[in-house]
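*Asks:* A predicted structure for the sequence below; I have some questions about it.
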Amino acid sequence: MVLVQNTSDRDFKIVYQAVEYVIPVGEPVEVPEIAAKLYFAYGIDVDDINPKIISWCCERIRRANPEFSNLTDRDIWDDIILKVLFGRDIIKKSKK
Amino acid sequence: MAVNFNYQTPWGIYPPTDATGAKDYLNSLSRAIPPYVVAQNLGKLSPLTRRILANAEVKPISFPFISQPVAKKTINNVQKVDYQGSFNVPSSIDTDLADMATLYSNLALSTLLVTDFEVKAYEQGNPNVLYDTIKLRANETWLGLIDQIATWLLGSRISGGTEDTTQIYGLQDIIDDGTHCTNYANIDRTTNTYWNSYIWNATSLFGSGLNAYVYVMRALSKYQKVASTMGMPDVGFTSPAVFQALAESFTNIERYIVADPAKLEEIRQYEVTGIAINGVPIFPDPYITTNEIYFINWSHLHFKFCDGYAVVSSDWKDLSMTGRLAYFSFIMFGGQLFCNAPVSCFRLQNMPTATGI
């Protein structure tokens, strides 16, 4: 499991193996590492993140959140996925 | 003086032995059933499973797994040549050979235990018996096997987050975007994006209140735009409730026009009529219980039987050692469903359904 924090302006959810994980704004929650990899490209080397990986992350976010269906990949990547902080970042932030 | 008990060959009325009675009768019911025959009987239950098995191939047992490199990306290394005949020499090879992914899938073997009792055969000697209970039991066993195969093929081998690697892959594992089956056939779907299938939500993507057939048309057009490198899907399979809603979404005259153009091949006078939308026939299958359509490209989805385990039954084993005058037999089913390009198939979810189906 990995701790994630949603710093965007909207709640959303992710679905992994039929289990739904709600990611509320501001509140750190734990999600399976593979789910974080599928939806937020967590753990994938920055140099390896290509447009297709970005596109599939957005595709999955859209499917789990039908209300985002009309958002473009760019909107979802910039405004939602990049606003998700992972464990280490959250700890760093709290230390500051 | 040696006593020679010369029994000689007995004659007269013989008691039953393991070569007569129930076992003899059971042998007449126990046959190795070719997959094609199983497929024929499946038609009445699951047209999709029948289609998969009817086109199955058999692999030798010495290769109890399926392994093959899979296509990963398009390669465009075109160099334009000018009138001086010169062109740019690429500075490096265009493909990372070490990065070539290989599909690996084991063949799963399943057995079913069947037992039958001597007394049942004994009962069959009674002229007042209404029906042959052993024959009925044999038939029910095969129906049970067929039901199980259909459930596996159209289902998933992942349940509650745990993958059962002894079970064959199902369509839900293969046609997936990684959120259910993250690692299909030993290739990770998180980084190998070409290994994902599209799954679209009809109403949220295309808007609500449209005719059912319009969702299908839009999905096919969208698929053609984003992922038709492998060609368009050959066929769609859906639940009876979605199929009915599709049929009702046409007006009477349109329904008449589209009702007949596509059929699965006729086997034993049984056929399933589909509705063709934008050239893709869609069929109902009762083993699909969700409100979605599976679009399948037959060029990339195959079932391989393991030679020697292509639905065979063992001879009848004697259970008298366990204190029962009975016999059992194994039915063995070994193979694997695999797809060498999951992106060639896709799913359209949240389709309208007809109520009461």
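*Replies:* Good, I have the coordinates. Quick caveat: nothing in here was measured; it's all calculated off a predicted structure.
*Asks:* burial of A:Val84, as a residue count?
*Replies:* 21 (other CB atoms under 10 Å in any protein chain shown). The C-beta positions use only the backbone N, C-alpha and C, and glycine is treated the same way.
*Asks:* meant to ask about B:Ser67, not that
*Replies:* Counted by other CB under 10 Å, the residues lying close to B:Ser67 total 12.
*Asks:* over to B:Thr115?
*Replies:* Count around B:Thr115 with other CB under 10 Å applied: 14.
*Asks:* just checking, it touches B:Lys317?
*Replies:* No - taking contacts as CB atoms under 8 Å, B:Thr115 lies outside contact range of B:Lys317: 9.5 Å.
*Asks:* which neighbours do those two have in common?
*Replies:* Counting by CB atoms under 8 Å, 6 or more residues apart in numbering or on different chains, the common neighbours of B:Thr115 and B:Lys317 are B:Tyr327, B:Phe328.
*Asks:* contact residues of chain B facing chain A?
*Replies:* For chain B, the contact set with chain A under CB under 8 Å from any CB of the partner chain comprises B:158, B:160-161, B:177-180, B:182, B:189-191, B:193-194, B:196, B:198-201, B:203-205.
*Asks:* so B:Ile282 sits against B:Ile293, correct?
*Replies:* Yes - counting by CB under 8 Å, B:Ile282 does reach B:Ile293; the two are 6.4 Å apart.
*Asks:* neighbour-wise, which of those two wins?
*Replies:* Per other CB under 10 Å, whichever of B:Ile282 and B:Ile293 has more neighbours is B:Ile293, with 29 against 22.
*Asks:* buried only: go through the residues of chain B next to chain A for me.
*Replies:* The neighbour-count criterion (16 or more other CB atoms under 10 Å in any protein chain shown) marks B:158, B:177-180, B:182, B:189-191, B:193-194, B:196, B:198-201, B:203-205 among those as buried.
*Asks:* mind listing what whichever residue of chain A sits closest to chain B touches?
*Replies:* Residue of chain A nearest chain B, by CB to the nearest CB: A:Pro66 (3.2 Å). Neighbouring residues of A:Pro66 by CB under 8 Å, 6+ apart: B:Asn201, B:Thr203, B:Ser204.
*Asks:* right, and the second one touches B:Leu348 too?
*Replies:* Which is B:Thr203. No - using CB under 8 Å, B:Thr203 is not in contact with B:Leu348, being 10.4 Å away.
*Asks:* looking at B:Asn196 now. What's its pLDDT?
*Replies:* Per-residue pLDDT puts B:Asn196 at 94.
*Asks:* can you pull the residues of chain A lying near chain B?
*Replies:* Counting by CB under 8 Å from any CB, the positions of chain A adjacent to chain B are A:15-19, A:34-35, A:37-38, A:41, A:44, A:48, A:52-53, A:55-56, A:59-60, A:62-64, A:66-67, A:69.
*Asks:* 10 Å - rerun?
*Replies:* Residues of chain A lying near chain B by CB under 10 Å from any CB of the partner chain: A:14-19, A:32, A:34-39, A:41-45, A:48-57, A:59-60, A:62-70.
*Asks:* on that earlier part again, now, which of the buried ones among the residues of chain B next to chain A lie within helices?
*Replies:* B:Thr203, B:Ser204, B:Leu205 (DSSP state H).
*Asks:* in the stretch 101-250 of chain B, which ranges drop under the pLDDT threshold?
*Replies:* Within the stretch 101-250 of chain B, the stretches with pLDDT under 70 are B:114, B:116-127, B:130.
*Asks:* what segments of it are strands?
*Replies:* Secondary structure of the stretch 101-250 of chain B by DSSP state E, counting those that start in this stretch: the strands cover B:102-106, B:108-117, B:158-159, B:162-163, B:183-184, B:187-188, B:198-201, B:235-238.
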